[in-house]
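> Okay, here's the prediction I keep looking at, along with the sequence it came from:
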Amino acid sequence: MARILITSALPYINGIKHLGNLVGSQLPADVYARYMRARGHEVLFICATDEHGTPAELAAAATGEPVAEYCARLWTVQKEIADGFGLSFDHFGRSSSPQNHRLTQHFAGRLADAGLIAEVAEKQVYSRADGRFLPDRYITGTCPNCGYERARGDQCENCTKQLDPTDLINPRSAISGSTDLEIRETKHLYLRQSLMRNKLRDWIDSKTDWPVLTTSIARKWLDDGEGLQDRGITRDLDWGIPVRRGTEPWPGMEGKVFYVWFDAPIEYIGATAEWADAHPDAGGWERWWREDGGAADVRYVQFMGKDNVPFHTLSFPATLLGANADGAETWKLVDYIKSFNYLNYEGGKFSTSEGRGVFMDQALEILPADYWRWWLMSNVPEGSDSNFTWESFQAGVNKDLADVLGNFVSRVTKFARARFGDTLPEGGAHGPQELALIGELQRGLDSYQAMMDGMAFRRASQDLRQIWVLGNEYLQSAAPWAAFKSDPDRAAATVRFAFNLIRLYAILSRPFLPEAAARMLAALGHPEDTWPTDVAEALATLGPGHRFEVPEVLFAKIDDARRIELEARFSGAG
RNA sequence: GGGCCCGUAGCUCAACGGUCAGAGCAGAGCGCUCAUAACGCUUUGGUUGCAGGUUCGAAUCCUGCCGGGCCUACCA
């Protein structure tokens, strides 16, 4: 039995996430976590909301709530939606937790002790009307290059030229529109990642099994231009983790907070500490995060969209490695990063601002989670960006779930009920057909497991579907409806075997389809449900006399009228 | 501008440099009648973006071109 730590990239607190966000980290992480638990491994699956930063403050201001209340409310909203999708986090934390405050301050202190923090005086734009410093992208003005009037302080969207806020003509606050701006000097802490460039490169180079998408992004940042740059880790904001050097005050940094990209990944550890505090018998968070605290045998897998790769390949490892500069704290580094491309919506991007695409709360209002889980995972953007269309969604749901799996369960249970009553019949035994099928199922299972172990989710979903298809092929060739008339014992044996297939399918499908699997097992009276090691043995579980029920339709089809209605509703027009 | 990735059947995707480039969906034909008009079998369909090169052998490696996508450090 292995010990596996799984983290999903932290969803930002600012609003409800869309299907692209879901499929890019939380959902594949959940499927993997469920699979590994089913295989008998000790799994800790961690996620949390990422709550700090300017967008959270602005979103709170827009609703008139204090930012802490806003975040607490949105955390509850996100938690309920995650539960609705069956995301089986062992803990869903908050980056604003006291545990994360302590850890973030601790890391900053350790990094400072190791000489990896620099204090830098810099000039930033301050808005007197807003009473705050403005990040570059919250300053707008006229682009000096192309004359576009709504250029942002970091880049002009029109001509794509990189800008400095002081370049802008007629600069104003994007928050209030005020032009009452001034340049103020302020002091900030920088993480001296540049000093760790070689150490980080050696570490990246040792990861020969990582996806190209992951390592190429990391190498680009390490070596592009002048190489890995130091990064500011503090901000002049109110909402965030106060700057402290460990447990001590940090002279000159009063009133400042750590910047969100520094404290967000630390919340993986913080959330584990939240979990450990809630589960005193679990042995403590160190068991998962400190090699000198019991985590030496942990395999740590991270799931994220490609936009998050630089932070997880460079900044966060720099934090963990830097905190161990004296060898006194051996932090657990990630063993494998599974990164994803983007999911598009009907050929374009999901857009929060334009209301284009499907958001997680809306998805659950339309159909149960399993429908979405299946389509998203069987079309997960592993190799390149993929595209959600209602037509593809309709086809995938109807064909795979309703026709292949759902109908299989339906035809088996209804036939048995009609011919044999509400318990499995006696008589007959395995013949050559059953033996051949067992062989095919065993090969299918081996392949499915190999794909799941390797996190090749598209391939895994294809293998799973093929395993379902084998059931329909078997019924067609065994034809118990014909055998019933000439050789009832033969039909009885076929029916018993088919019921054992339903049980097997429920177990194997559970990582993807937890609700449907539960309903299948419930129809069988909740039989033993551990992951099979030997297919033949697994298919001998339900015997004569076993009671069953005919379940409600497992998956309803989406008809054309419904699809057209949904297409129109989510086009972004309204 | 720089870097990375991609381009394979009508669609979505596979294929350690090595049997006739494979699946699913869609299309066609046949079968079955237990089932959600479901299922099964058979079948149509590709000059692997274009042009060169390396090799006994290229979808795969190299060069150029065409087309698409992503990243580019203060969004997180």
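Here it is on my side, so go on. Numbering: from 1, shown residues only, chains lettered A, B, ... in the order given.

> Residue most distant from the centroid, chain A?
Residue farthest from the centre of chain A, counting by C-alpha atoms, centre = their mean, is A:Ser486 at 53.3 Å.

> Local confidence estimate at that residue?
Looking at A:Ser486, its pLDDT stands at 91.

> gap between it and RNA strand B?
According to C-beta to the nearest atom of the strand, to the nearest Å, A:Ser486 stands 11 Å off from RNA strand B. The way it works is simple: take the backbone N, C-alpha and C, and place the C-beta from them, glycine included.

> Please see if stretch A:260-273 touches RNA strand B.
Yes - using C-beta under 7 Å from any atom of the strand, we find that stretch A:260-273 touches RNA strand B at A:260-261, A:264.

> Now for the residues you listed, which sits with the most neighbours around it?
A:Ala264 (27 neighbours; other C-beta atoms under 10 Å).

> separation between that one and A:Arg192?
20 Å (C-beta to C-beta, to the nearest Å).

> Same check on A:Asn21?
Taking C-beta to C-beta, one finds A:Asn21 at 32 Å from A:Arg192.

> Can you get me a residue count around the closest residue to A:Ser509 other than its chain neighbours?
Spatial nearest neighbour of A:Ser509, chain neighbours left out: A:Ala517 (5.2 Å); criterion: C-beta to C-beta, 6 or more residues apart in numbering. Neighbours of A:Ala517 under the rule other C-beta under 10 Å: 22.

> what's the answer for A:Ala516, then?
Neighbours of A:Ala516 using other C-beta under 10 Å come to 26.

> elements contacting the helix or strand containing it?
Taking DSSP states H and E as the criterion, A:Ala516 maps to helix A:514-523. Contacts defined by 3 or more C-beta pairs under 8 Å, 6 or more residues apart in numbering; DSSP states H and E place helix A:514-523 against helix A:369-378, helix A:407-420, helix A:488-509.

> and RNA strand B, which of those is closest to it?
Of all the helices and strands packed on helix A:514-523, helix A:407-420 sits nearest to RNA strand B, with 3.2 Å by C-beta to the nearest atom of the strand.

> For the closest one, enumerate the helices and strands it packs against.
Using 3+ C-beta pairs under 8 Å, 6+ apart: helix A:407-420 touches helix A:457-478, helix A:480-486, helix A:488-509, helix A:514-523.

> Which of the residues in the strand or helix carrying A:Leu111 are classified as buried?
Taking DSSP H and E as the criterion, the element that holds A:Leu111 is helix A:98-113. For helix A:98-113, a neighbour-count test (16 or more other C-beta atoms under 10 Å) marks A:99-113 as buried.

> So what touches it?
A:93-94, A:117, A:189, A:191, A:233, A:241-248, A:250, A:258, A:262-263, A:266-267, A:269-271, A:273-274, A:277, A:319, A:322-323, A:325-326, A:329 (C-beta atoms under 8 Å, 6 or more residues apart in numbering).

> And these, which of them are buried?
A:93-94, A:117, A:189, A:191, A:233, A:241-245, A:250, A:258, A:262-263, A:266-267, A:269-271, A:273-274, A:319, A:322-323, A:325, A:329.

> Just the ones in strands from the residues you listed, please.
Secondary structure assignment by DSSP state E places A:93-94, A:117, A:189, A:191, A:244-245, A:258 of these in strands.

> can you narrow the residues you listed to ones near RNA strand B?
Within these, nothing lies near RNA strand B by C-beta under 7 Å from any atom of the strand.

> Adding pLDDT and distance to A:Ala295 as columns, could you present these in JSON lines?
Below are those laid out as JSON lines (pLDDT from 0 to 100; distance: C-beta to C-beta, whole Å):
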{"residue": "A:Gly93", "pLDDT": "97", "distance to A:Ala295": "18"}
{"residue": "A:Arg94", "pLDDT": "96", "distance to A:Ala295": "23"}
{"residue": "A:Ile117", "pLDDT": "95", "distance to A:Ala295": "25"}
{"residue": "A:Leu189", "pLDDT": "94", "distance to A:Ala295": "28"}
{"residue": "A:Leu191", "pLDDT": "93", "distance to A:Ala295": "23"}
{"residue": "A:Arg244", "pLDDT": "96", "distance to A:Ala295": "26"}
{"residue": "A:Arg245", "pLDDT": "96", "distance to A:Ala295": "26"}
{"residue": "A:Phe258", "pLDDT": "94", "distance to A:Ala295": "24"}
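
> Please convert the residues you listed to CSV, extending it with distance to A:Trp481.
Output for those, formatted as CSV (distance: C-beta to C-beta, whole Å):
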residue, distance to A:Trp481
A:Gly93, 54
A:Arg94, 57
A:Ile117, 75
A:Leu189, 75
A:Leu191, 70
A:Arg244, 74
A:Arg245, 77
A:Phe258, 68
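
> Looking at these, which is nearest RNA strand B?
Nearest to RNA strand B among these, with distances taken as C-beta to the nearest atom of the strand, is A:Leu191, at 10.5 Å.

> Who are the contact partners of the closest one?
A:111, A:116-117, A:230-233, A:262, A:315, A:318-319, A:322.

> which two from those end up farthest apart in space?
Spatially, the most separated pair among those is A:Gly232 and A:Gly322, at 15.6 Å (C-beta to C-beta).

> Out of the residues of stretch A:260-273 next to RNA strand B, which is nearest to RNA strand B?
Ranked by distance to RNA strand B (C-beta to the nearest atom of the strand), the residues of stretch A:260-273 next to RNA strand B are led by A:Val260 at 4.0 Å.

> what residues are up against that closest one?
Counting by C-beta under 8 Å, 6+ apart, A:Val260 has contacts A:50, A:52-53, A:95, A:235, A:240.

> pLDDT-wise, what's the bottom of those residues?
Minimum pLDDT for those is recorded at A:Gly53 (86).

> now the closest residue to it other than its chain neighbours: how far from A:Thr49?
The shortest distance from A:Gly53 to any non-neighbouring residue, by C-beta to C-beta, 6+ apart, is to A:Val260 (3.9 Å). As for A:Val260, its distance to A:Thr49 is 12 Å (criterion: C-beta to C-beta).

> which residues sit in contact with A:Arg231?
Contacts of A:Arg231 (C-beta under 8 Å, 6+ apart): A:190-191, A:193, A:261, A:315.

> partners of it in the sheet?
Counting by DSSP bridges, A:Arg231 forms beta bridges with A:Leu191.
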